[in-house]
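Enquirer: Got a sequence here, can you model it:
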Amino acid sequence: MSTVKLSIIYYSATGTNHQLSLWADEAAQENGAEVRRRIVAETAPQEAINANPAWKKFREEVADHETVATLDDLSWADAILFCMPTRYGNLPSQMQAYIDTTGPLWAKGALVNKLVSGITSSMNPQGGQESTLMALYKIMAHWGAIIVPQGYTDNIVFASGGNPLGTSATIDKNGNILNKDAVKQTVQHQVKRLLSIAKKIKG
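Expert: Next up is the predicted model:
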């Protein structure tokens, strides 16, 4: 059986989704996948970043040293895991800007039958977690991709927040992930599920 190629495409402002992407990367490699973990380019003005100490710190210490996602990371992959915070119940503009560049791949059918799944986070469990993933999956339907939600396929989903669309982390005002161990285990389960289905389809 050939190795599944997984691209983890993430955006993080202050580090939460960076951590989620690292857990996903670890789980994917433990399950035998070939992995590319990429951050989407920052599009916010520097003055906005400077006004938020946590955002500024993350950019300087981590994000500016990560490999930036390109379209090749999508065309290369068998499966794609998107990881991003919610912004008013929608995708962050940085992730949307990246997705908006995929027209050439879409036009030639290069995104058809990619397996995709999504992870998100917010400071409030009612802060748009489900609608953010629904917005992502709506785009994936236009791609002709195969959407793989986690569903209620393991009891750990209930322990981490119970979102059947994908892992949804809630953070406190200091940026700490609540129910951290359960969230990590849910990420691991979601990645394992995505890869298992990808293996069956890839053959």
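
Enquirer: before we move on, which element is the residue nearest the centre of the chain in?
Expert: Centroid-nearest residue in the chain: Cys83, 1.6 Å away (criterion: Cα atoms, centre = their mean). Per DSSP states H and E: Cys83 is located in strand 79-85.

Enquirer: what is the mean pLDDT for that strand?
Expert: Strand 79-85 comes out with an average pLDDT of 98.

Enquirer: Parallel or antiparallel, list what pairs with it.
Expert: strand 5-10 (parallel), strand 115-122 (parallel) (DSSP bridges).

Enquirer: I'd like the ones you listed as TSV, with distance to Ala77, mean neighbour count and mean pLDDT appended.
Expert: In this view, the C-beta of every residue, glycine as well, is placed from N, C-alpha and C. Output for these, formatted as TSV (distance: least, Cβ to Cβ, whole Å; neighbours: other Cβ atoms under 10 Å; pLDDT from 0 to 100):
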stretch	distance to Ala77	mean neighbour count	mean pLDDT
strand 5-10	4	24	98
strand 115-122	9	26	98
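
Enquirer: Distance to Lys184 added to those strands, as CSV?
Expert: Compiled in CSV, those are given as follows (distance: least, Cβ to Cβ, whole Å):
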stretch, distance to Lys184
strand 5-10, 15
strand 115-122, 12
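
Enquirer: so which of those comes closest to Ala44?
Expert: strand 5-10 (15.6 Å; Cβ to Cβ).

Enquirer: Report the angle between the following helix or strand past that closest one and strand 115-122.
Expert: Proceeding N to C from strand 5-10, the next assigned helix or strand is helix 16-30, under DSSP H and E. Using axes from the mean of the first three to the mean of the last three Cα atoms, to 10 degrees, the direction of helix 16-30 lies 140 degrees away from that of strand 115-122.

Enquirer: gap between helix 16-30 and the chain center?
Expert: 9 Å (Cα atoms, centre = their mean, to the nearest Å).

Enquirer: moving C-terminal of it, what's the next helix or strand?
Expert: strand 34-39.

Enquirer: Show me which positions of that next one end up buried.
Expert: Along strand 34-39, these residues count as buried under the neighbour rule (16 or more other Cβ atoms under 10 Å): 35-39.

Enquirer: other SSEs contacting the next helix or strand after that strand?
Expert: Later in the chain than strand 34-39, the nearest helix or strand by DSSP H and E is helix 46-50. In terms of contacts (3 or more Cβ pairs under 8 Å, 6 or more residues apart in numbering; DSSP states H and E), helix 46-50 is packed against helix 53-61.

Enquirer: just checking, next helix/strand downstream of the helix it packs on?
Expert: Immediately after helix 53-61, counting by DSSP H and E, sits helix 72-76.

Enquirer: got a list of contacts for that next one?
Expert: For helix 72-76, contacts defined as Cβ atoms under 8 Å, 6 or more residues apart in numbering pick out 5, 7, 9, 36, 38, 80, 102, 105, 110-111, 114.

Enquirer: Many thanks, we can stop here.
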